[in-house]
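Chemist: give me the fold of what follows.
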Amino acid sequence: MNPYEYIDANCQDFVEELKALLRIPSISTLSEHAGDIRRAAEWLRAHLKTIGMTRVEIFETPGYPIVYAEWLQAGDDSPTVLIYGHYDVQPADDAGNMWQSDPFEPVVRGGNLFARGATDDKGQVFTQIKAVQSLLETGSLNVNIKFIIEGEEEIGSSSIYPFIDEHADLLSADVVVVSDTSIQSLDQPSIVYGLRGITFLEIEVQGPAHDLHSGMYGGLVHNPAQALVEILAQMHDAEGHITVPGFYDRVVALDEAERAELTKTPFTLERLKRETGVSAPWGEPGYKPHERIGVRPTLEINGLVSGWTGEGGKTVLPAKALAKISCRLVPEQDPVEIDRLITDYVNTITPDTVTAEVRPMNRGGWAVMNLNSAYMQAAVRAYEFGFGARPIFMREGGSIPVVVSFQDVLKAPVIMLGFGLPDDNLHGPNEKYSLECFERGMKTAVKFCQEIASL
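Modeler: Residues are numbered from 1 along each chain as shown. Purely as a prediction, here's the structure:
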């Protein structure tokens, strides 16, 4: 039996195993789920031992644990593939009651597996685990394999960067594989070769010393919630350009060849409506939709908190207001510099009736991969085999800052071998993972290892 036949024979069992992992609510941003984070790490350690990894360890960190595994029986002369993923997930809060089923009780509907973490990233890293198992069980694994699976990706990955620095020898590899992105469709696979960087900040506006009666003080005391909204409104102009002075200074324009490659990315208004429910696109004029979400920087308001937000009314003039904002950054923007530019701008436009504080929370760099490397071309052939079509190349709007660390510290090329779909609702209600993507993804991952072995 070859590894592809093994996948066909065991795919349903693999789905049931994935369900067990998805039932663990390993939500890294909520401290009350610290025990669940630990359970997910322990589950992965046990499972990686079960599939035949010869060394499996949990490394403690100042934050959440990192799971490491290796199988190096291919020998010193064989290439080594390091596979990265994360087992932590986003919260599944749903104020609109839009989840059609319990987010931590996985169910299959219409050929999709629905659960929090199904595609981001438990399902995708599990795809790689099962591909390695299929190679091992059929005696077909001709490359060395290492896994590094973290539990803090959704909260900034603060522990993994020093871990990579301190364990560069342990993690050394010829190529790093990251399965945490999407393809365009089942009929049109795609490879992400560029990721935006990120900086995340809080802006807090303080007014009176304590909450006030809005009838007694409204019109006399500048409402901090209103002041914050006034500040945020000055972050963009009417057309969607970011108005922070110097924000665009380092942005590198695409050359015509790369821009032509990106035009192969299919993106229509109908798709936008289907995926988001919005009626029309928004953003910088002069850039196509796929450019706005892949190669242009952004400044987004992620959350607003102020005053009374409970049931019913309370006529309060709040003492303070808080906004959480993030910027997606592109080559050659520096997150530290962007933090400074935003801080300076906020200080400039804050009315003298209130005070404002800008607090940087976490940052991550952008990354671009070589389209012409032997490893990238091996990925092209793997997708052609697994999905039956040559992949197109695209820039990803999201951020995976650890990619930069792999490139800089390990000096290894990174390949984004993603198997999600654009409508998988990662971070949203009814997150899903296509079972067909799961099956084709395993076969693509197997093929990739075989291609690497033959280089």
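Chemist: what's the closest non-adjacent residue to residue 188?
Modeler: Nearest non-adjacent residue to residue 188, counting by Cβ to Cβ, 6 or more residues apart in numbering: residue 389, 5.9 Å away. Glycine gets a C-beta too; all of them are placed from N, C-alpha and C.
Chemist: helix/strand/coil for the one you found?
Modeler: Classification of residue 389 by DSSP: H, G, I helix; E, B strand; the rest coil places it in coil.
Chemist: residue 204: helix or strand, and which one exactly?
Modeler: strand 197-206 (DSSP states H and E).
Chemist: and that strand, what's its mean pLDDT?
Modeler: For strand 197-206, the mean per-residue pLDDT is 96.
Chemist: any weak-confidence spans in the stretch 151-300 of the chain?
Modeler: 266 (pLDDT under 70).
Chemist: just the strands in it please.
Modeler: 175-178, 190-195, 197-206, 212-213, 298-306 (DSSP state E, counting those that start in this stretch).
Chemist: what lies in contact with the second one?
Modeler: Looking back up the chat, that one is strand 190-195. Contacting residues not belonging to strand 190-195 are listed as 181-184, 265, 294-295, 331, 366-371, 376, 379-380, 383, 391-396, 398-400, 403, 415-418 [Cβ atoms under 8 Å, 6 or more residues apart in numbering].
Chemist: are any of the residues you listed buried, and if so which?
Modeler: 181-184, 265, 294-295, 331, 366-369, 376, 379-380, 383, 391-396, 398-400, 403, 415-418 (16 or more other Cβ atoms under 10 Å).
Chemist: quick one, phi/psi of the nearest residue to residue 212 once chain neighbours are set aside?
Modeler: Excluding the flanking residues, the one nearest residue 212 by Cβ to Cβ, 6+ apart is residue 317, at 4.2 Å. The phi and psi values for residue 317, taken as degrees, to the nearest 10, are phi -100, psi 110.
Chemist: which ones are touching residue 317?
Modeler: Contacts of residue 317 (Cβ under 8 Å, 6+ apart): 207-208, 211-214, 217-218, 221, 223, 307.
Chemist: you'd agree residue 29 is up against residue 153?
Modeler: No: Residue 29 lies out of contact with residue 153 (Cβ atoms under 8 Å); the separation is 10.8 Å.
Chemist: between these two, which one's more packed in?
Modeler: Ranked by neighbour count (other Cβ atoms under 10 Å), residue 29 and residue 153 place residue 153 first, with 24 against 13.
Chemist: do you know how far residue 396 is from residue 53?
Modeler: 29 Å (Cβ to Cβ, to the nearest Å).
Chemist: likewise residue 145?
Modeler: Distance from residue 145 to residue 53, by Cβ to Cβ: 8 Å.
Chemist: between the two, what contacts are shared?
Modeler: With Cβ under 8 Å, 6+ apart as the test, residue 145 and residue 53 both reach 69-71.
Chemist: out of these, who's nearest residue 321?
Modeler: residue 69 (46.3 Å; Cβ to Cβ).
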